[in-house]
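Student: sharing a model prediction with you, sequence too.
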There are 4 protein chains.
Amino acid sequence: MDGFRFSHDVRVRFAETDAQGIAHHASFVIWLEEARVAYLAAFAGGYQAIRARGIEALTTGVHLEYARAAAFDDVLRIWARCGELRGARFRFDYVVEREGGTVATGWTTHATVDAATHRPTRVPDWFADDVLRAESAPASPAS
Amino acid sequence: MDGFRFSHDVRVRFAETDAQGIAHHASFVIWLEEARVAYLAAFAGGYQAIRARGIEALTTGVHLEYARAAAFDDVLRIWARCGELRGARFRFDYVVEREGGTVATGWTTHATVDAATHRPTRVPDWFADDVLRAESAPASPAS
Amino acid sequence: MDGFRFSHDVRVRFAETDAQGIAHHASFVIWLEEARVAYLAAFAGGYQAIRARGIEALTTGVHLEYARAAAFDDVLRIWARCGELRGARFRFDYVVEREGGTVATGWTTHATVDAATHRPTRVPDWFADDVLRAESAPASPAS
Amino acid sequence: MDGFRFSHDVRVRFAETDAQGIAHHASFVIWLEEARVAYLAAFAGGYQAIRARGIEALTTGVHLEYARAAAFDDVLRIWARCGELRGARFRFDYVVEREGGTVATGWTTHATVDAATHRPTRVPDWFADDVLRAESAPASPAS
């Protein structure tokens, strides 16, 4: 996937389908989060490392466009990258693929806050550095 | 419903259905919790009052038997009662009905723990008193 | 809420919270759907009427911006309106409020397809008429 | 795990946690299903093969006892076996482990029905044979 160096696979659970016989559209929001967590684990010490320093990353926006339906037991590859990192805000972009065809595209935006006060706090330098390093690294194989 | 004085209604969400065209069986666990929370709000000062005193109620067991399928948009009446209260443990019983027919029956068991230490702590007297009072009160109309 | 004539209330379930102590951001996608279903029930014969005619409404896009966190047991008022209806596509806009303050805003886009062939099919005239009538009607009280 | 030959691992998603900071108890019901689906894929041609023959497997009961809390990002190993197969009914038993310690135990019961009529129909012989063969096979490594 052009411009992406990281991917994470999920398999559609039966509980994630709905009475239309396809994966419910809200399930994708959960999968983007799973891919984001896997990305942070691979490149930035993990979401736990951020939380361990007293920082929470809140989700401030979600955007998804669905191109095709996904079905029970489909294996979906979620390409993820951290696209912007400024001050207390960062953004992830995603492409959800199945066998090379695009199922959905989307992005999420996030704000870092102090876990105790819930006030905005800058994205830590080590986090920003790790992520930027990840984005300029050679493409990693899909997880 | 014989032996029950409290009920709470839920309407089956589309997201709670699955590719069999019926409500997914895990959805019932969420509905029992919603009914339990409504019960505690009606009779025992609310789950928030318990948490405000530094006590958490953990779920230690769930049991459900499904008699009939539920469908999207069905209105389900969940009868709930607090059946046993001993030491640090209590139990809820449930009947899930649709238009008078039983859809499912079940129970959940719970343990009260200190929120800070997560050690077992006795169910507070005021909580036990309130619940026992509820169970011996005249039947309340369905919420 | 300016420009909205319909609202639907939800109460945040405990299962919808996450380890940040707030409602998980994916829960909002489910609530928008619940509000949309309630809107269609109020104005357009219900989602079931659409399905009964062999038409499925697929979700083709979701967009949410979160202004404030929602907590367990919060009552959220979801204002919804059907903003555009053209050919085989329609769009809903939403504002999620708590005690008059905006918690989130968003929209969803949808396409109508033939349930059997899954090919795009025009939004039925009666559906479009009912919805347009709803949007030009005097404001309804919140459900 | 004594008496079990199959296991399936899941990693606790952030969306599966709740405001108590632990995995919500309903999440386990979903994980048991994921393990059951993986079991059937490994040994009985897969759940899809059953559905392809016009048979649906309904869940008729769920039982779970929680011994310990699970947290975000925990890797849980779910041991599963098909314990009984009689007429139109079968049963699965489960142990959920984390690093060798039991987190939960449970079982689910199921009934096979004709997908078109939803009438009970015997578990197909090939399904029963495959599952029995699986249970008498040498222990498989964890998936």
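Tutor: That came through fine.
Student: next one: phi and psi at residue A:108?
Tutor: Residue A:108 has phi and psi values of phi -130, psi 150 when expressed as degrees, to the nearest 10.
Student: let me fix that, I meant to ask about residue A:28.
Tutor: According to degrees, to the nearest 10, the main-chain angles of residue A:28 amount to phi -60, psi -30.
Student: ok, it touching residue A:105?
Tutor: No: shown here, residue A:28 and residue A:105 do not form a contact pair, counting by Cβ atoms under 8 Å, at 10.3 Å. Where you see a C-beta, it was placed from the backbone N, CA and C, and this is true even at glycine.
Student: which residues touch the nearest residue to residue A:65 once chain neighbours are set aside?
Tutor: Nearest residue to residue A:65, sequence neighbours excluded (Cβ to Cβ, 6 or more residues apart in numbering or on different chains): residue C:61, at 4.8 Å. Counting by Cβ atoms under 8 Å, 6 or more residues apart in numbering or on different chains, residue C:61 makes contact with A:63-66, C:107-109.
Student: for those, work out which two are farthest apart.
Tutor: By the measure Cβ to Cβ, A:66 and C:107 form the most distant pair in those, at 13.9 Å.
Student: the more surrounded of these two?
Tutor: Legend: neighbour count by other Cβ atoms under 10 Å in any protein chain shown for residue A:66 and residue C:107, higher for residue A:66 (23 against 18).
Student: which strand residues bridge the closest residue to the more buried one other than its chain neighbours?
Tutor: In space, and not counting its chain neighbours, residue A:66 is closest to residue A:104: 4.9 Å by Cβ to Cβ, 6+ apart. Here residue A:104 shows beta-bridge partners residue A:66, residue A:96, assigned using DSSP bridges.
Student: correct me, but residue A:104 touches residue A:65?
Tutor: Yes: counting by Cβ under 8 Å, residue A:104 does reach residue A:65; the two are 6.4 Å apart.
Student: comparing those two, which residue is more hemmed in?
Tutor: Shown here are residue A:104 and residue A:65; by other Cβ under 10 Å, residue A:104 has more neighbours (26 against 14).
Student: and the more buried one, how far from residue A:19?
Tutor: Separation of residue A:104 from residue A:19 (Cβ to Cβ, to the nearest Å): 20 Å.
Student: for residue A:54, same thing?
Tutor: From residue A:54 to residue A:19 the distance is 43 Å (Cβ to Cβ).
Student: more neighbours, these two?
Tutor: Neighbours per residue (other Cβ under 10 Å) separate residue A:54 from residue A:19, with residue A:19 holding more: 22 against 12.
Student: I'd like the contacts of residue C:61 as JSON lines, with pLDDT appended.
Tutor: Shown next, in JSON lines, are the contacts of residue C:61 (pLDDT from 0 to 100):
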{"residue": "A:63", "pLDDT": "98"}
{"residue": "A:64", "pLDDT": "98"}
{"residue": "A:65", "pLDDT": "98"}
{"residue": "A:66", "pLDDT": "98"}
{"residue": "C:107", "pLDDT": "98"}
{"residue": "C:108", "pLDDT": "98"}
{"residue": "C:109", "pLDDT": "97"}
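Student: for residue C:85, state which of those is nearest.
Tutor: Residue C:85 has its nearest neighbour among those in residue C:109, at 11.3 Å by Cβ to Cβ.
Student: excluding sequence neighbours, find me the nearest residue to that closest one.
Tutor: Using Cβ to Cβ, 6+ apart, the nearest residue to residue C:109 is residue C:61, at 4.0 Å.
Student: element containing the one you found, please.
Tutor: Using DSSP states H and E, residue C:61 falls within strand C:55-66.
Student: could you list every helix and strand in contact with the very next helix or strand once past that strand?
Tutor: Sequence-wise, the next helix or strand downstream of strand C:55-66 (DSSP H and E) is strand C:75-86. Under the contact definition 3 or more Cβ pairs under 8 Å, 6 or more residues apart in numbering or on different chains; DSSP states H and E, strand C:75-86 sits against strand C:6-11, helix C:27-43, strand C:89-98, helix C:125-136.
Student: pLDDT wise, what is the residue most central in space within chain A at?
Tutor: The C-alpha lying nearest the average C-alpha coordinate of chain A belongs to residue A:36 (Cα atoms, centre = their mean; 2.8 Å). For residue A:36, the model assigns a pLDDT of 95.
Student: next up, the contacts around it.
Tutor: Residue A:36 neighbours (Cβ under 8 Å, 6+ apart): A:80, A:92, A:108.
Student: I'd assumed residue A:62 was in contact with the last one.
Tutor: I take that to be residue A:108. Yes: judged on Cβ under 8 Å, residue A:108 makes contact with residue A:62 at a distance of 5.3 Å.
Student: list the residues that contact both of the two?
Tutor: Applying Cβ under 8 Å, 6+ apart, one finds that residue A:108 and residue A:62 are jointly contacted by residue A:32.
Student: ok, residues contacting stretch A:105-119?
Tutor: A:28, A:32-33, A:36, A:50-51, A:54-65, A:67, A:83, A:88-96, A:120-124.
Student: what's the local residue count around residue A:92?
Tutor: 22.
Student: contacts only, for it.
Tutor: Counting by Cβ under 8 Å, 6+ apart, residue A:92 makes contact with A:32, A:36, A:39, A:80-83, A:107-108, A:110.
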